[in-house]
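Engineer: below is the sequence, then the predicted model.
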Amino acid sequence: MGQTQEEKTDRVISVVIPVYEQPELLVDALDSVQKQTIDNIEAVVVDDDSATDFKPIIGRYGDWVRLITHDENRGASEARNTGIEAARGEYVAFLDADDTWDPTKLEKQLNVFERGDDLGLVYTGFVQYELDGTEWERYPEAAGDIYLEELERDRVHPTSTVMVPSECLERVGGFDSSLPSRQDYDLWIRITEYYNVGYVNEILVDKREQPDSISKDFERRIEGDLAVFEKVQERAAEMGIVTRSRIFSYHHHVIGRDYESNGNRGKALKHLGLAILRYPFRPISWAMFVIALFGIDRNSQLLTFVKQFIR
């Protein structure tokens, strides 16, 4: 059924790291890869046309790290695609330059692949460190055939938690860089259409929020929400009305939530109303509708506490 640990460590894992400026963060990320408990790892660092010269940093680590440089800024998704194309490993693991890994992460994910059946993706838990000093943890919840669940909302965690077989990426393609945001979610949908999902039920990734993070750019987030929703609508068009309603409802909820965060109360209420109309049994959509209607501060201590428990 399985292979010996010695046989497993003979397999190459390619770690794809997109980077734009912030050399000190790249050092932390590479240090966390260097500390992994398995051998025969390569890291492909893709510099997305930074002003920083990363060659001296890469030179510290030896020939297991390769540097590829874009001659123009193309965005993180194109940088990841460049890394995927250059990867030599049987598996590809994604690591953002501002994140770090627990030393056992890759070994534990590889063990899940060895025990699993037709797995196209294995992800882990993570801890998020916010700019205001707060932090929160998220553990995996979904495994197996989760395609329908993934169409409803993203059950898979961010890119730095994910490892994928190279042959899976050859089949479904890489990140859709035409999307303004949510490129990772789009890829997870395509993977779950054909493959099962596994996870390691541990916090193995530290994610550090950055001031210029896409999560803070609500214009681009909303554009991505709408573009992904169009794709999801096409996929769900022939599904039963109940399934389709649940799926569409949650996407309206996400769009409405992001409009509310961007200060557009009218469009927020429109989409949150559609979310409730489509599927009235999700408490968080009602809560968000009330928040948008009365202009309640979502960052208050009480709401910050409550929203950890309702989704």
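Structural biologist: All right, it came through fine.
Engineer: contacts and neighbour counts: CA atoms only from here.
Structural biologist: Fine.
Engineer: residue 288 against residue 257, yeah?
Structural biologist: Yes: with contacts counted by Cα atoms under 8 Å, residue 288 reaches residue 257, the gap being 6.8 Å.
Engineer: any residues in contact with both of these two?
Structural biologist: Here residue 288 and residue 257 have residue 272 as joint contacts, going by Cα atoms under 8 Å, 6 or more residues apart in numbering.
Engineer: of those two, which one has the most company?
Structural biologist: A side-by-side neighbour count of residue 288 and residue 257, using other Cα atoms under 10 Å, places residue 257 first with 25 against 21.
Engineer: tell me the contacts of that one?
Structural biologist: Residue 257 makes contact with 268, 272, 288, according to Cα under 8 Å, 6+ apart.
Engineer: nearest to residue 107, of the residues you listed?
Structural biologist: Top of the list for closeness to residue 107, among these and by Cα to Cα, is residue 288 at 40.1 Å.
Engineer: so what's that closest one up against?
Structural biologist: By Cα under 8 Å, 6+ apart, residue 288 lies in contact with 257, 272.
Engineer: tell me where the stretch 151-300 of the chain has helices.
Structural biologist: 166-172, 183-194, 218-236, 241-261, 265-278, 283-294 (DSSP state H, counting those that start in this stretch).
Engineer: in TSV, list the ones you listed along with mean pLDDT and distance to residue 93.
Structural biologist: Formatted as TSV, those follow (pLDDT from 0 to 100; distance: least, Cα to Cα, whole Å):
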stretch	mean pLDDT	distance to residue 93
helix 166-172	98	10
helix 183-194	98	13
helix 218-236	96	23
helix 241-261	97	27
helix 265-278	98	35
helix 283-294	94	33
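Engineer: so which of the ones you listed is nearest residue 96?
Structural biologist: With Cα to Cα, the closest approach to residue 96 among the helices of the stretch 151-300 of the chain belongs to helix 183-194: 12.2 Å.
Engineer: off-centre distance for the closest one?
Structural biologist: 10 Å (Cα atoms, centre = their mean, to the nearest Å).
Engineer: what's that helix packed up against?
Structural biologist: If you count contacts as 3 or more Cα pairs under 8 Å, 6 or more residues apart in numbering; DSSP states H and E, helix 183-194 packs onto strand 119-129, helix 147-152, helix 166-172.
Engineer: can you check which of these gets nearest to residue 28?
Structural biologist: Closest approach to residue 28 among the helices and strands packed on helix 183-194 (Cα to Cα): strand 119-129, 15.1 Å.
Engineer: next, the angle from the closest one to helix 183-194.
Structural biologist: 150 degrees (axes from the mean of the first three to the mean of the last three Cα atoms, to 10 degrees).
Engineer: neighbouring contacts of strand 119-129?
Structural biologist: 109, 112-113, 135-140, 156-157, 161-165, 168, 191-192, 194-209.
Engineer: go on, stretch 41-52?
Structural biologist: Under the contact criterion Cα under 8 Å, 6+ apart, stretch 41-52 has outside partners 12-21, 23, 33, 54, 64-76, 79-80, 82-83, 86-87, 89.
Engineer: and that stretch, what's buried?
Structural biologist: If you call a residue buried by 16 or more other Cα atoms under 10 Å, then stretch 41-52 has these buried ones: 41, 42, 43, 44, 45, 46, 47, 48, 49, 50.
Engineer: sorry, back to before: now the helices and strands packed on helix 183-194 in TSV, with mean neighbour count and distance to residue 226?
Structural biologist: Shown next, in TSV, are the helices and strands packed on helix 183-194 (neighbours: other Cα atoms under 10 Å; distance: least, Cα to Cα, whole Å):
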stretch	mean neighbour count	distance to residue 226
strand 119-129	23	25
helix 147-152	21	14
helix 166-172	16	22
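Engineer: could these be laid out in JSON lines, adding distance to residue 238?
Structural biologist: JSON lines is the format used below for the helices and strands packed on helix 183-194 (distance: least, Cα to Cα, whole Å):
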{"stretch": "strand 119-129", "distance to residue 238": "25"}
{"stretch": "helix 147-152", "distance to residue 238": "13"}
{"stretch": "helix 166-172", "distance to residue 238": "21"}
